[in-house]
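Chemist: Let me see the structure of the following:
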Amino acid sequence: MVATRRVLSPPKKGSAIVRPRSRTLTAVHDAMLEYVVYPAEIIGKRIKYHSDGSKIMKVYLDSKERNNTENKLETFAGVYRKLSGKDVVFEYPSSDSVKFGRSRLLARAHLLMANGQLIAQVQHAKFAAYALLMRQLSRTVVMIVVASNQNLARN
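Modeler: I've put the predicted structure just below:
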């Protein structure tokens, strides 16, 4: 059972009306995803882009409800595909990795301007290339520091 939600189109330029976040297409699809997998909790989402232009969203569910929901994963994917038109794959985090996204080492790149003010903080090391591109474009970034969560915790 999925609640009815309304999607408002983006306001036209110069309009004084502000569209609430709950009425955006992304927010509505996220809410539908929560409804579809209800007994389980979503602990992470990743979008995988293929070279042919297609994309698949991987949704990681909490292992607490694994016994109740493991045989329903294909059904969840079919229902969400019918509701939103998006391809999705439901998975559980592997048991050898420590709690998904929490204790795992993630590199962080801090982009610092010449005067030392923090511009942005990027959570994954794969975005370091994006940081380098920003440096080439803006010429204001002078330092990129990549450190693991443990090194940041010590400071």
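Chemist: For this structure, just list every one of the strands.
Modeler: 42-49, 55-61, 88-91, 108-113, 118-122, 141-147 (DSSP state E).
Chemist: what's the spacing between Arg23 and Tyr80?
Modeler: From Arg23 across to Tyr80, the span is 20 Å (CB to CB, to the nearest Å). (C-beta placed from N, C-alpha, C; glycine too.)
Chemist: Show me which of these two is the more surrounded one.
Modeler: Ranked by neighbour count (other CB atoms under 10 Å), Arg23 and Tyr80 place Tyr80 first, with 23 against 13.
Chemist: In contact with the more buried one, which residues?
Modeler: Shown in contact with Tyr80 (CB atoms under 8 Å, 6 or more residues apart in numbering): 32-33, 36, 86, 88.
Chemist: can you check Ser84 too?
Modeler: Contacts for Ser84 (CB under 8 Å, 6+ apart) come out as 29, 32-33.
Chemist: Okay, it and Lys12: tell me how far apart.
Modeler: From Ser84 over to Lys12 the distance is 25 Å, taken as CB to CB.
Chemist: where in this protein is pLDDT low?
Modeler: For the chain, the stretches flagged by pLDDT under 70 are 1-3, 95-155.
Chemist: where exactly do the helices run in it?
Modeler: Ranges of helices in the chain, per DSSP state H, are 25-36, 66-69, 73-84, 128-138, 149-154.
Chemist: so what are the domain limits for this structure?
Modeler: Under the assignment automatic domain parsing, the domains of the chain span 21-91, 108-154.
Chemist: tally of neighbours for Asp52?
Modeler: That count, for Asp52 with other CB under 10 Å as the rule, works out to 6.
Chemist: re the thing from before, which two of the contacts of Tyr80 have the greatest separation?
Modeler: Maximum pairwise distance among these (CB to CB): 11.6 Å, between Val36 and Lys86.
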